[in-house]
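Enquirer: I would like the atomic coordinates for the input below:
(one chain, ligands or ions: 1)
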Amino acid sequence: MSAPIGPLPLTRNKVAQTEDAAPAVPIRAGAAGLAAGVIEAEAEREAFQAQAKREVIFADDLLPGVGEEPLTLRQGLAAGGLLTFTTVVTLAALDELESATLTTLAPNIRDAFHIGNSAITFIVAAASACLVLGAIPMGWLADRVRRSRIIGWAGLAFGLLVTASGLATNILLLFLARFGAGIAKAGNNAAGSPLLADSYPIGVRGRLYTTLYGAARTTGALSPIVVAGIATLGGEASGWRWPFVILGLPILVFSAFAFRIREAPRGQYEMKSVLGDVLTEIDPMPISLEAASARLMRIRTIRSAIIGFSALGFTLFTGGVLTNLWGDDHFHMTTFQRGVMGSVSGAALLVALPFVAPWYDRLYRTDPARAMRLLGLCMLPNVVLLPVQWFMPNWILFMLVGLPAGALSSVAFAMIGPLVASVVPYRLRGVGGALTSIYVFFFGATLGALLSVLLADLYDPRVAILAIGVPAKLVGGLMIIRGSSSIRGDLSLVVSDLRDELAEHERQATDPENVPALQVHGVDFSYGQVQVLFDVGFEVKRGETLALLGTNGAGKSTILKVIAGLGTPTRGTVRLGGRTMTFVSPEQRGRYGVHLLPGGKGVFASMTVRENLEMAAFRLRRSQEERDRRFAYVLAMFSDLAGRQSQRAGSLSGGQQQMLALAMVLMHDPEVLLIDELSLGLAPVVVADLLAVLERLKADGLTIVVVEQSLNIALAVADRAVFLEKGQVRFTGPARELAERDDLARAVFLGAEGG
Ligand SMILES: Nc1ncnc2c1ncn2[C@@H]1O[C@H](COP(=O)(O)OP(=O)(O)OP(=O)(O)O)[C@@H](O)[C@H]1O
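Expert: All right, here's what the predicted structure looks like:
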């Protein structure tokens, strides 16, 4: 179902544009009065923040994937074609089929290369770490380039390196091959998962991801037998080489299929569901890992899922080992019996998945919060089942009680993928998945493993499981259940982002000539837990100068930082020339022509004027011609500086230093120039010189956003003005009109009128 676009049932509370939105702090006598005033002002700020922060929640049937017609798995697969699904799942299964090579063959490899136990243990550990570490670069790539190519190339590399591991002539080569294989293996996980989300309808995601997970888990469980079987057939001396060589080959073959996968448009099912149409972005700007992570960690559902699943991950690495150790020590189980126990547990997961996955999909269609709660609820029975299991008198009962416990945990893990995919902005799915696995595996599983080892060593495996596993399942389950209350809000964010994109798309289609140079739409920004920008939005036309005015602490500098990429908004979009720039790094923005002149001292005091300019020209070091051109331009504009090139910057006057700082920014040839506090603390005559420079820049076609404390200066320089108060836009319009708004103008004058 696709939702019609029309008036939206918003519940965001807009603050009325009245004078009393900016209450003055009462002036009292003495320190006590001042303290009371500050406390009162702080309380007011918090109340204001709580009010302004209220969420936008869309009606359920406007959320992506909610209220849609039920789909069978077959129908879902038909929508995206079988090739994508079969290739991703087969590669995941083949990847896991070789997963036990190193561990199973460790003694043979140790003997073949005459190394010690510690060396082979180190190689096994390093190879596992590479898999997790590889997730981040692969996830980052998956958000930038065609995912089918990542799967293809990473698969080929993985297949080759697996095969090469079997041909290694010394331990260093084997180590390098496993190191590379670990990183390459992350490619299919990191790119396959977002590709599935974009290739198949939202209504079958639970089933798709669980099939992927189930296939990988099954072949992973079979891996030791397959590896040991091939090695045995291969003979005593070089038998260990054969599993690598043989298992690498099918990976190579299936990786070749990946190149034939059609690259699904990013976010297409969210767009179809919310907008009824698919928008494609031509030449998207590259996403920065830092900005993507910052945004993702601000999504409450993701935060809860990450904490919840990391807690669950505490027994991920060690649960199996401790179970087997207990079976051996306590029940004196034979190797065969332990093998049976392991296989039966694996089979229990395969029995549980076909029930829970469609259930998740069904719940998600009607109520995403309940779908998320289901995952948390899957964990809670473990809180009771684990103690019962670990006090069973014999191994059969130990195994039987362990079946539902293990299956339910695994089912919850299998569902991380669809849950994360639903709330992550579609541009960030690769990094979103990678970040989740880093947390779950590194912080959860590794920390849990260390604690388990410690407790198992000090006491016994049962104490380790009960002391770590039980609280971990309780905390994990409850965190996920608690997090379910935020999923509607986070899905609503997905909807508002998509609607904003559609509006922009339509606008660009109807009026391509008038795409603004800079757009800031619906930006929320927080420093830690303190939100300082609320739904801030404005546009700047090409060649226009916009003044940002406002009271102290209103958020003017912060919005400039958001535009320059020095802060990632929790919500909202920044566009440059109509292209989304929200998640682009500050360096990249610089390359696209966005430059910030920050407030305060912006020069290197101990260096000369020339050296400062040379520093600024560093980026142009490869083009002497361009460098000379910029020097000539800047020195012509700042003739006073031209005559002081050998003078130390620290010995210049405040005004000259401000000129030099501006000159340094201009060395970068900006298209959009952001200036924070242009005139602060400068003498009127210097300010007049600066204004003349700005006039020239305007004449040269630069788009300028300038933060100004002084209304007079803003009026002198700007075409339009935006007035911010307590993080909200209170006025947008011609600068002259702002001067006529007594209520707002007074706030500036009462703040710091300098000009
Ligand atoms: N790095 C930071 N960490 C925490 N809070 C910050 C940080 N920088 C600014 N703030 C807070 O964010 C709010 C907005 O600050 P910002 O500097 O953007 O305001 P401004 O309008 O530029 O104010 P001013 O004109 O006084 O510089 C203020 O309450 C400020 O105290």
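Enquirer: please make it C-alpha for all contacts and neighbour counts, starting now.
Expert: Fine.
Enquirer: so for the residue of the stretch 301-450 of the chain found nearest the ligand, what's the pLDDT?
Expert: Using CA to the nearest ligand atom, the single residue of the stretch 301-450 of the chain nearest to the ligand is residue 303, 21.0 Å away. As predicted, residue 303 sits at a pLDDT of 91.
Enquirer: give me the contacts around the helix or strand where it lies.
Expert: Secondary structure assigned from DSSP states H and E places residue 303 in helix 300-312. By CA atoms under 8 Å, 6 or more residues apart in numbering, the residues outside helix 300-312 that reach it are 296-297, 409, 413, 416, 420, 423-424, 436, 439-441, 443-445, 469, 472-473, 475-480, 482-484, 486-487, 490.
Enquirer: relative to residue 472, how far out is the residue of the stretch 301-450 of the chain closest to the ligand?
Expert: 16 Å (CA to CA, to the nearest Å).
Enquirer: neighbour count for those two, which is higher?
Expert: residue 472 (27 against 17; other CA atoms under 10 Å).
Enquirer: so that one touches residue 376, yeah?
Expert: No - at 11.9 Å, residue 472 does not count as touching residue 376 under the criterion of CA atoms under 8 Å.
Enquirer: give the next helix or strand downstream of the lengthiest helix in the chain.
Expert: Of all segments of type helix in the chain, defined using DSSP state H, the longest is helix 335-366. For helix 335-366, the succeeding helix or strand toward the C-terminus, using DSSP H and E, is helix 368-379.
Enquirer: quick check: angle from whichever strand or helix holds residue 408 to helix 300-312?
Expert: Using DSSP H and E, residue 408 falls within helix 395-414. On the basis of axes from the mean of the first three to the mean of the last three CA atoms, to 10 degrees, helix 395-414 is oriented at 160 degrees to helix 300-312.
Enquirer: where's helix 395-414 relative to the chain centroid, distance-wise?
Expert: 32 Å (CA atoms, centre = their mean, to the nearest Å).
Enquirer: what comes into contact with that helix?
Expert: With CA under 8 Å, 6+ apart, helix 395-414 has contacts from 209-210, 213-214, 309, 312, 327, 331, 333, 341, 344-346, 348-349, 352-353, 356, 375-376, 378-379, 381-382, 385-386, 388-392.
Enquirer: what is the residue lying closest to residue 646 once chain neighbours are set aside paired to in the beta sheet?
Expert: Residue nearest to residue 646 in three dimensions, not counting chain neighbours: residue 608, with 5.3 Å by CA to CA, 6 or more residues apart in numbering. Beta-bridge partners recorded for residue 608 (DSSP bridges): residue 648.
Enquirer: right, and residue 608 touches residue 648 too?
Expert: Yes - between residue 608 and residue 648 there is a contact at 4.0 Å, judged by CA under 8 Å.
Enquirer: those two: which has the busier surroundings?
Expert: Counted by other CA under 10 Å, residue 608 and residue 648 do not tie: residue 608 has more neighbours, with 20 against 17.
Enquirer: how much space between residue 497 and residue 426?
Expert: 10 Å.
Enquirer: of these two, who's got more company?
Expert: residue 426 (22 against 18).
Enquirer: how near is the more buried one to residue 439?
Expert: 20 Å.
Enquirer: equivalent analysis for residue 180, please.
Expert: From residue 180 to residue 439 the distance is 22 Å (CA to CA).
Enquirer: related to what we said a few turns ago, mind checking which of the contacts of helix 395-414 are buried?
Expert: Buried members of the contacts of helix 395-414, scored by 16 or more other CA atoms under 10 Å, are 209-210, 213-214, 309, 312, 327, 333, 341, 345-346, 348-349, 353, 356, 375-376, 378-379, 381-382, 385-386, 389-390.
Enquirer: for the nearest residue to residue 240 once chain neighbours are set aside, phi and psi?
Expert: Residue nearest to residue 240 in three dimensions, not counting chain neighbours: residue 231, with 5.0 Å by CA to CA, 6+ apart. The phi and psi torsions at residue 231 (degrees, to the nearest 10) take the values phi -60, psi -40.
Enquirer: surely residue 231 and residue 245 touch.
Expert: No - using CA under 8 Å as the test, residue 231 is too far from residue 245 to be in contact (10.6 Å).
Enquirer: out of the two, which sits in the busier spot?
Expert: Between residue 231 and residue 245, residue 231 has the larger neighbour count (other CA under 10 Å), namely 23 against 19.
Enquirer: and the more buried one, what does it touch?
Expert: With CA under 8 Å, 6+ apart, residue 231 has these contacts: 239-243.
Enquirer: now with 10 Å, please.
Expert: 101, 104-105, 108, 225, 237-244 (CA atoms under 10 Å, 6 or more residues apart in numbering).
Enquirer: same thing with residue 430?
Expert: 135-144, 147, 189-195, 292, 421, 424.
Enquirer: among those residues, which are in helices?
Expert: Using DSSP H, the contacts of residue 430 in helices are 135-142, 147, 189-195, 292, 421.
Enquirer: quick one, which of the residues you listed are buried?
Expert: 135-142, 147, 189-195, 292, 421.
Enquirer: state the pLDDT value of the residue of the stretch 251-400 of the chain found nearest the ligand.
Expert: In the stretch 251-400 of the chain, no residue comes nearer to the ligand than residue 294, which is 14.9 Å away by CA to the nearest ligand atom. pLDDT, residue 294: 89.
Enquirer: helix or strand for it, which one?
Expert: Applying DSSP H and E, one finds residue 294 within helix 289-296.
Enquirer: chain center to that helix, what's the gap?
Expert: With CA atoms, centre = their mean, you get 4 Å for helix 289-296.
Enquirer: so which elements touch that helix?
Expert: Where contact means 3 or more CA pairs under 10 Å, 6 or more residues apart in numbering; DSSP states H and E, helix 289-296 is packed against helix 117-142, helix 429-437.
Enquirer: of those helices, which is nearest the ligand?
Expert: helix 429-437 (24.6 Å).
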